[in-house]
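Engineer: Sequence first, predicted model second:
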Amino acid sequence: MFLGEYEYKVDSKGRLPLPPKFRQEFGDGLILTQGPEKCILAYRVAEWQKLADKAKTVPSYKVRTFNRGFFGMAFSQTIDGQGRMALPSHLRRHAQIEDVAIIVGNNNYVEIWNPDLWNTEKLSIDQQMWQIMESLEEQR
């Protein structure tokens, strides 16, 4: 399970360190793709495969656009010896990431954010979180 929020510098080659506690989880590599809220999503290979399998069950005419954005913009990466992953330039542009990024654990995947966009997102989260939690409690 990925938890927490971490701030790291992006080096001149577009590499970003992963939090040490996340590195083992990505030992087999990771898949990066664009997120809908101007962030980058990072999945373990096994989790990515689950998503790919689910996408195959929906008729292609319904998910063609989703597949193009989600799978077509995805890249397989490995973690280097210093615990860094390379962020492809088009994903950095999508997420407006330049020299600093925020890595956010999101249960079974990780989000990578521009700090300003993440702060804006957190304000929205603060306003909605308790309402969402109450609706989850009602579903039990």
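Structural biologist: On my side now, so go ahead.

Engineer: What is the burial count for the nearest residue to G29 once chain neighbours are set aside?
Structural biologist: Distance criterion CB to CB, 6 or more residues apart in numbering; nearest residue to G29, sequence neighbours excluded, is T78 at 4.8 Å. C-beta: built from backbone N, CA, C; applies to glycine. As a burial measure, T78 scores 12 neighbours (other CB atoms under 10 Å).

Engineer: Next: T33.
Structural biologist: Neighbours of T33 (other CB under 10 Å): 21.

Engineer: can you pull up the bridge partners for N106?
Structural biologist: Y109 (DSSP bridges).

Engineer: hmm, who's touching the least confident helix or strand in the chain by mean pLDDT?
Structural biologist: Using mean pLDDT, DSSP states H and E, helix 60-70 stands out as the lowest-scoring helix or strand of the chain, at a mean of 80. Residues outside helix 60-70 that contact it (CB atoms under 8 Å, 6 or more residues apart in numbering): 33-34, 51, 55.

Engineer: one step back: the residue nearest to G29 and I31 touch, don't they?
Structural biologist: No: using CB atoms under 8 Å, T78 makes no contact with I31, being 10.9 Å away.
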